[in-house]
Structures are given as C-alpha cells and as structure tokens.
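J.: sharing a model prediction with you, sequence too.
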Amino acid sequence: MPNKSEINRELVKAFNSILRFSNAIVTNFTVKNDHIVISFDNNMTLDQRIKYLKSMKEKIIERFCPDESILDDNFYTKFFPFNFDQGKSAEDNKFLVPIRKEVVSNLKFLLANELARFATSNIVEQKKEDKKLELGCKDLSDDIEQEIENHVDYNIIDEVFDKGSYLYGAECVDRNLQRSFVDLLSSRITGYENGPKKTKDFLEEKGNYVYLKKSIFDNPKLIKDIVMDEVSSKCRDLEVSSTEDKMNDTLKFAVIDLIRKSLSHLQIDSIWHASHKENKNEFSILAPIVNYNNYIEFLSKEEVDHINNEVFGCTKKVLRDVKDDIAERGLLTYGDERIYAIDFFNPDIAYCVMDEIIESSVINKDYKLSIDPARVRAMKPQTLDPSEEEAEIDVPSVDSGFDDSPKKSHAGNLSKFLSPNYCGEDKGGDGASGKDSGFGASSARSFCNNPKTTFDQPSVSQSDQCSAKKRTSISKKSSYCIS
C-alpha cells in the first residue's frame, strides 16, 4: 500500500514547484498531519490573505483550465484547488486547510496536466525549429510562431475524462501530433529513476484520445523525481534576468537570504556564479560572498558546517568545496583556497535547498517569499584571533559584464558576482560602487570587527584572481542591475 502521508507531502511540493516555475504565483505550502499549511507574514491583513488565495485560484484556472466550461469535469471544483471555506487560522500567522480525498485528487490532476503541457510545449518548439530549417532562417516571424502554436493547441485538446480511472485526457485531432505527444509524455515519465518503464502501465490510447492513468502517482518516489527535476532545472538557470523570468529573482534572492539569515552576524550581499565542468552553458554553481569594506571572502568551513548541519540538515552536504567542479580550471587562480558553494547541477541538492526555503518562508503582502528569521537557526558570532594577520596586495582592476554588456574580464563570462537587494528594502544611493574589493580565505570572524558594506541595488561584477593566503582587490567600479 502506498504511504498516503508521503504522497501528500510530495504532491504539495509538486504543487509549489508547478506554480512557481510556470510563473503563475508563489506558494509556500507545507503539510502537517492532515492539513495543508500556508504561512503568511505577520504584517499581512486578513483582507490581503483572502485576496492572495483568490488570486492563486484564478492563476491556476488561467494556466490549467482556460476553458472554464470543462473545469467541473476535470477537477473537483468545490475543493479547487482546496476548500478554503473549511480552512482555519492558527498561531504564527498560519492558515490550515484540511486534506480531503478530493484535494489529493486535484493535486494529482494538476501534476498530470503539467506533464501534458511539457509534451505539447516541446512539440511546439520542435515545430518551430523544423520551420526554421524549412525556411532557412534563424528566427521566425511572430505570425508564423503564432500559427504553429495555434495548430498544436487546436489539434491536442484537453478532454473530459473519467476521474475515477484517469488523471488527464486529451483529444488528438492530428494523428502525427498524437504520436509525438504520446512519445514525449512516455519518454519523460519512463526517464525518471522511479518511473514506470512500460508506457502501457500509465498511458492508454482509445482511438484519437490519450489518457494518463490514475495509479501513476501512487508512487511518492516518482512525484519526488518530478519535483527534483523541475527544481534542479530552474536553479541551474538563476543568472537569467527577471525580464525573461519573473520568478527568477524571487528564487535567487530567497536562496541567499536564507543563508544570510543563518549567518546574521556577517554581511552577505553577493553571490558568485560559475559553470559546472559537465555543463558549461549553465551557471549552476552558486557561492555566497561575505562583503567587507576592502575585500570579499567566501564562507569558512565553520560557517558551512553550521549551514549544512543546523539549517539544511540533509544527508548530503548542500554547501561543499566546488573548486574541482568549476568549468575551465584556468578561469581563476585559487591557490589552496576552498570555494564553498551550492551545486544546483545535483538534483538532490536543489531539492533540499528548495525544501528548506519553503519551510523557512512566509508569503508577504507582495505575494512573494520572504525568509522568516524566526524559522532559521542563526550561527553565533565567532571571535577573530587578533594575532591572525593577512597580507593584502593589489592587482589590476577588472571590467565586469552582465547579460548584453560589452565589457568582460579576461576570464570570459563564466563567473559572476551578484549583489541582490534580497529583502526589497527602500533603495538608497550606491554608496559602495566606487570601492575596491577582493576576496580570499575565510577565517573565524567577529561581528564587531566586520565593517558593513551596503549594496542598495542588485548588481553584478566579475572576479579575476583569488588566493588562499593573500587578498586580491577587485574593481567594483562597474555594476549592472539585475532586471
């Protein structure tokens, strides 16, 4: 018998991922006993919370069932996505919704729907690539792209299905599109480590109708595989600007804000990005940076141990030395220094990080995630040994580039410093933009010994050289806003 509690937890995590990564709306739902828990910021009024829940329902309908005439046929609308009328407020600004069997079914319907949309989206993209080859061009006109999208939409149609036997149904008017749809859906599901390996075990074709069987999500490990894949794919793409992906900043800032609040005695306002050697096209490695007036440091082993053990608590080390995993080892001169970073190339790590962000966050009045300091175990400030001395040298300053900026360091564009305004405070002047900085090996630190540097806007600069024994200064004269 499947573990219902485990299934419910993974379905709720999948729900969070689906809405967040489809740019629909941010959610931080968790499961406690037989209830779904929504955590709100204590500054949100009752009216704001009601509007958030209403907005969430509207966004889900807009994405998953734009034809509201079949909403009742494809979901249990009285419980869509949950029955908020049965919800109740609890302490710590939480809202609890009972998990009924209809709620569980709706979560499964949504996940099945998302898998189907993955297949149709891939078909659209492949059709566009085929058309480019046919026309011999690099880009298609908006009219041609719209024509392709309409062709797929009109020929693969959401269909009413028996909710007692299936989770999703589609009518495929075009037989060739039906074959592509089935092949893509099948290859994705069988490709998961814990997925069924025979298409007939989860897909059923009746003429030009395709159905996803109800039993497929009775395996919580498969649901977890889907979530891990979604989260890892998204987190490997964090350098994409918010103009291309609105949810990206929310996720990017939440990751570092969680670490910043766990090390609240330090000034952590920057992120260092680099490519993994197994995929140089993705900036999947993310390292928090400690900022001082005159230099920048990576985290120390003691700080990393605290985050791994007290914050994440996963069996795997979320933050680890990634020095040997960075693409193009000649990119920087590291000396003996360790670079502690999160490697989102690993799906297990990405899943663990997102899990902790959800557990530690609240929904604020802007419908965004905000890390609640009360939910994060902070490290106590350490004392810096006054006898510890570190030499400082100067090196030529480095131009920085971001997105379409023409300026790049000699190291190329494989590493980046991001300085996000994580909490969304009011922005002031750029008081730190004219200062030089460097980074080197971290050591025990004292709060009172650390001068604070404030970055008022999200910005990016690139690193040039690092040394374990000596601090190297890096120009911050050029910075770019993360849009």
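T.: Looks like it came in fine. Numbering: from 1, shown residues only.
J.: now do the contacts for the residue nearest to residue 201 when sequence neighbours are not counted.
T.: Spatial nearest neighbour of residue 201, excluding adjacent residues (Cβ to Cβ, 6 or more residues apart in numbering): residue 213 at 7.5 Å. In this view, the C-beta of every residue, glycine as well, is placed from N, C-alpha and C. Residues in contact with residue 213 (Cβ atoms under 8 Å, 6 or more residues apart in numbering) are 165, 166, 167, 201, 202, 203, 204.
J.: local confidence estimate at the last one?
T.: Okay, so that is residue 204. In this model, residue 204 is scored at 97, pLDDT.
J.: confirm it sits in a strand?
T.: Yes - looking at residue 204 with DSSP: H, G, I helix; E, B strand; the rest coil, it is inside a strand.
J.: coming back round to it: tell me the buried residues within the contacts of residue 213.
T.: Among those, the ones that count as buried by 16 or more other Cβ atoms under 10 Å are 166, 167, 202, 203.
J.: can you redo these as a markdown table with distance to residue 289?
T.: Below are those laid out as a markdown table (distance: Cβ to Cβ, whole Å):
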| residue | distance to residue 289 |
| --- | --- |
| 166 | 50 |
| 167 | 44 |
| 202 | 45 |
| 203 | 47 |
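J.: give me the distance between residue 220 and residue 78.
T.: Distance, residue 220 to residue 78, by Cβ to Cβ, to the nearest Å: 26 Å.
J.: tally up the residues packed near residue 302, please.
T.: Close neighbours of residue 302, defined as other Cβ atoms under 10 Å, add up to 13.
J.: the longest helix that the chain contains - contacts with which helices or strands?
T.: Longest helix of the chain, by residue count under DSSP state H: helix 101-135. Applying 3 or more Cβ pairs under 8 Å, 6 or more residues apart in numbering; DSSP states H and E, one finds that helix 101-135 contacts helix 4-21, helix 46-64, helix 142-155, strand 156-158, strand 166-172, helix 175-191, strand 209-213, helix 220-235.
J.: elements contacting the first one?
T.: By that I understand helix 4-21. Judged by 3+ Cβ pairs under 8 Å, 6+ apart, helix 4-21 is in contact with strand 30-32, helix 46-64, helix 101-135, helix 220-235, helix 246-262, helix 347-360.
J.: report the inter-axis angle for that helix versus helix 246-262.
T.: If you take axes from the mean of the first three to the mean of the last three Cα atoms, to 10 degrees, helix 4-21 sits at 120 degrees to helix 246-262.
J.: please parse the chain into its domains.
T.: Residue ranges for the domains of the chain, per automatic domain parsing: 4-232, 236-475.
J.: out of the ones you listed, which gets the lowest mean score?
T.: With a mean of 64, domain 236-475 has the lowest mean pLDDT of these.
J.: which residues touch the nearest residue to residue 6 once chain neighbours are set aside?
T.: With Cβ to Cβ, 6+ apart as the criterion, residue 6 has its nearest non-adjacent residue at 4.3 Å, and that residue is residue 220. By Cβ under 8 Å, 6+ apart, the residues touching residue 220 are 2, 3, 6, 7, 9, 10.
J.: now swap in residue 346 and tell me
T.: Contact analysis of residue 346 by Cβ under 8 Å, 6+ apart lists 232, 316.
J.: and it, how far from residue 132?
T.: Separation of residue 346 from residue 132 (Cβ to Cβ): 34 Å.
J.: now residue 214
T.: Residue 214 sits 39 Å away from residue 132, going by Cβ to Cβ.
J.: who's more crowded, those two?
T.: Shown here are residue 214 and residue 132; by other Cβ under 10 Å, residue 214 has more neighbours (20 against 14).
J.: pretty sure the more buried one is touching residue 165, no?
T.: Yes - contact criterion Cβ atoms under 8 Å: residue 214 and residue 165 qualify, at 5.7 Å.
J.: contact partners of stretch 48-56?
T.: 19, 25, 27, 38, 40, 44, 81, 84, 95, 363, 365, 367.
J.: same thing but 6 Å
T.: Stretch 48-56 has contacts (Cβ atoms under 6 Å, 6 or more residues apart in numbering) with 25, 40, 84, 365, 367.
J.: please apply the same query to stretch 23-31.
T.: Defining contact as Cβ under 6 Å, 6+ apart, one finds that stretch 23-31 is touched by 8-9, 12, 16, 19-20, 36-39, 56, 59, 63, 246-247, 250, 358, 361, 363, 368-369.
J.: which among the residues you listed count as buried?
T.: Using 16+ other Cβ under 10 Å as the burial test, the contacts of stretch 23-31 include 8-9, 12, 16, 19-20, 36-39, 56, 59, 63, 247, 250, 358, 361, 363, 368-369 as buried.
J.: hmm, back to that, okay, the helices and strands packed on helix 101-135 in JSON lines with distance to residue 125 next?
T.: Output for the helices and strands packed on helix 101-135, formatted as JSON lines (distance: least, Cβ to Cβ, whole Å):
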{"stretch": "helix 4-21", "distance to residue 125": "17"}
{"stretch": "helix 46-64", "distance to residue 125": "18"}
{"stretch": "helix 142-155", "distance to residue 125": "9"}
{"stretch": "strand 156-158", "distance to residue 125": "14"}
{"stretch": "strand 166-172", "distance to residue 125": "18"}
{"stretch": "helix 175-191", "distance to residue 125": "11"}
{"stretch": "strand 209-213", "distance to residue 125": "20"}
{"stretch": "helix 220-235", "distance to residue 125": "15"}
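J.: what residues of stretch 362-380 count as buried?
T.: By 16+ other Cβ under 10 Å, the buried positions in stretch 362-380 come out as 362, 363, 364, 367, 368, 369, 370, 371, 372, 376, 379.
J.: distance between it and the chain's centre?
T.: Offset of stretch 362-380 from its chain centre (Cα atoms, centre = their mean, to the nearest Å): 16 Å.
J.: list the contacts for residue 34?
T.: Listed by Cβ under 6 Å, 6+ apart, the contact set of residue 34 reads residue 99.
J.: would you mind measuring from it to residue 9?
T.: According to Cβ to Cβ, residue 34 and residue 9 sit 12 Å apart.
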